[in-house]
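>>> Let me see the structure of the following:
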Amino acid sequence: MKGRMIVLDHLGDVEVAAMLVDGKLDDLLIDMPDAPRPGAIYRGVCDRPLKGQGGMILRLPDGPGFLRQGKGLAPGDTMLVQITGHAEDGKALPVTPKVLFKSRYAIVTPDAPGWNVSRSIKDDDERERLMAIAHETMDEDMGLILRSSCFGASDDAIADDIAAMADLARAVMADREGKDAETLTDGDGPHAMAWREWDDKAVIETEPGGFEHHGVLDQIEMLKSARENLGGGAFMYVEPTRALVAVDVNTGGDMSPAATLKANLATAAALPRAVRLRGLGGQITVDFAPMSKAHRRQVEGALRAAFRADPIETSLVGWTTLGHFELQRKRERLPLSETLPKGV
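This is a model prediction of the structure:
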């Protein structure tokens, strides 16, 4: 099928959402029923400072949390924090004191005053319409960001979203003064996140068995292999190690200069999807097929264009002395090998 499709289904009892673009799997969200979800908000209790690092370990209902900036805090202090990602094995949950209440059209920021419309909405009339809806719906006691998905959406849908997030924010903020660690909101599951973050113009399939019908299961099975075909006989291997993610690019049987550049440009275009679907982050080192230094700028430009459209923050660090390219990617997801239910 051409176009974008969102398929909401389950793998066993686990909630999963898949985004297909022209029939090809482009994004995948898998729930972790036994782990806290990113976006959950807690009342945490400061436990112990990390000397030399400036951080603080917090007591949370679901285990210890790590706050990167603990200046001015003392053991026993309570504060609101929000999970920003999954905990790595043996480490505390990463949290931030800057809590956000995020929905499809609106983000309410209680501790960051000011109202803004997404910069991607350029039309002045549309920006004025959105600000008028905001002024009619909520008071200016909290900050508000109107997301790009507001463009063209109905007044009622946007107003309802703003009101719901503002009410939730006030309820949570009113509960910040307790003395014990407590879960105040749960993070969104894959189906809710798909509704919140993915293209509203996509066709949405919610019938059970949608993954099998649309070939999602077969494409998930292919992701278990480190090999990713690039077309024209070229391929790359995307392999996580303990220290980093290693990407090795091969041209196949064609060793001509034209084939080398073509394979490297194909790698640049395919890499965001390859690491996104496999849930990989941290340090990424790409060993491109051998090419002249004159082609590096072209390949780097293709990498920047590809990652610009990726939803997960990735920094392009640059070339090493050995000719590898290094990236640093935020760990927003767990590796696919850890999230797939057993038997899948």
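
>>> Only C-alpha atoms from now on, for both contacts and neighbour counts.
OK.

>>> where does the stretch 201-344 of the chain have low pLDDT?
343-344 (pLDDT under 70).

>>> What are the boundaries of the helices in it?
210-213, 216-223, 257-277, 296-308, 336-339 (DSSP state H, counting those that start in this stretch).

>>> so of these, which one's packed in deepest?
helix 257-277 (a mean of 20; mean count of other CA atoms under 10 Å).

>>> got the angle between that one and helix 216-223?
120 degrees (axes from the mean of the first three to the mean of the last three CA atoms, to 10 degrees).

>>> Could you check how far helix 257-277 is from the centre of its chain?
Centre-to-centre, helix 257-277 and its host chain are 21 Å apart (CA atoms, centre = their mean, to the nearest Å).

>>> For the helices of the stretch 201-344 of the chain, give me TSV that also has distance to D13.
Shown next, in TSV, are the helices of the stretch 201-344 of the chain (distance: least, CA to CA, whole Å):
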stretch	distance to D13
helix 210-213	14
helix 216-223	15
helix 257-277	20
helix 296-308	33
helix 336-339	13
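
>>> So for S315, which of those helices sits nearest?
Closest to S315 of the helices of the stretch 201-344 of the chain, according to CA to CA: helix 296-308, at 8.8 Å.

>>> who does the closest one touch, helix- and strand-wise?
helix 257-277 (3 or more CA pairs under 8 Å, 6 or more residues apart in numbering; DSSP states H and E).

>>> just checking, what packs against the helix it packs on?
strand 24-30, strand 227-231, strand 234-240, strand 245-250, helix 296-308.

>>> Which one of these lies nearest to D161?
strand 24-30 (22.8 Å).

>>> wait, which of the helices and strands packed on helix 257-277 is closest to V172?
Of the helices and strands packed on helix 257-277, nearest to V172 by CA to CA is strand 24-30, at 26.5 Å.

>>> now that closest one against helix 257-277, angle please.
Going by the same axes, to 10 degrees, strand 24-30 makes 30 degrees with helix 257-277.

>>> Given strand 24-30, what are its sheet partners and their directions?
According to DSSP bridges, strand 24-30 forms sheet pairs with strand 14-21 (antiparallel).

>>> And the average pLDDT for the partner strand is what?
Strand 14-21 shows a mean pLDDT of 96 in the predicted model.

>>> Of all the residues in that strand, which ones are buried?
The neighbour-count check on strand 14-21 (16 or more other CA atoms under 10 Å) flags 15-20 as buried.

>>> Could you find the closest non-adjacent residue to G114?
G143 (4.7 Å; CA to CA, 6 or more residues apart in numbering).

>>> Quick check on that neighbour: phi, psi?
As for G143, its main-chain torsions (degrees, to the nearest 10) stand at phi -80, psi 160.

>>> Would you mind measuring from it to M173?
13 Å (CA to CA, to the nearest Å).

>>> same thing with W319?
On the measure of CA to CA, W319 and M173 end up 46 Å apart.

>>> Test my guess that P94 contacts G65.
Yes: using CA atoms under 8 Å, P94 is in contact with G65, at 5.9 Å.

>>> Neighbour count: the two, which is higher?
G65 (26 against 20; other CA atoms under 10 Å).

>>> any idea which element that one lies in?
strand 63-67 (DSSP states H and E).

>>> Same question for R59.
strand 55-60.

>>> For that strand, which strands pair with it and how are they oriented?
Assessed with DSSP bridges, strand 55-60 is paired to strand 41-50 (antiparallel), strand 63-67 (antiparallel).

>>> Now do the helices in the stretch 51-200 of the chain.
So, for the stretch 51-200 of the chain - with DSSP H, counting those that start in this stretch - the helices run 124-137, 155-173, 190-197.

>>> From the chain's centroid, how far away is the last one?
With CA atoms, centre = their mean as the basis, the distance from the averaged C-alpha position of helix 190-197 to the chain average is 11 Å.

>>> any residues touching it, and which ones?
Identification of contacts with helix 190-197 by CA atoms under 8 Å, 6 or more residues apart in numbering yields 6, 8, 15-17, 29-31, 103-105.

>>> Tell me which residues of that helix come out buried.
For helix 190-197, by 16+ other CA under 10 Å, it's 190-191, 194-196.

>>> ok, so what distance separates the residue located most distally from the centre of the chain from P33?
Distance from the C-alpha centroid of the chain peaks at S256, with 37.7 Å (CA atoms, centre = their mean). Going from S256 to P33 by CA to CA gives 49 Å.
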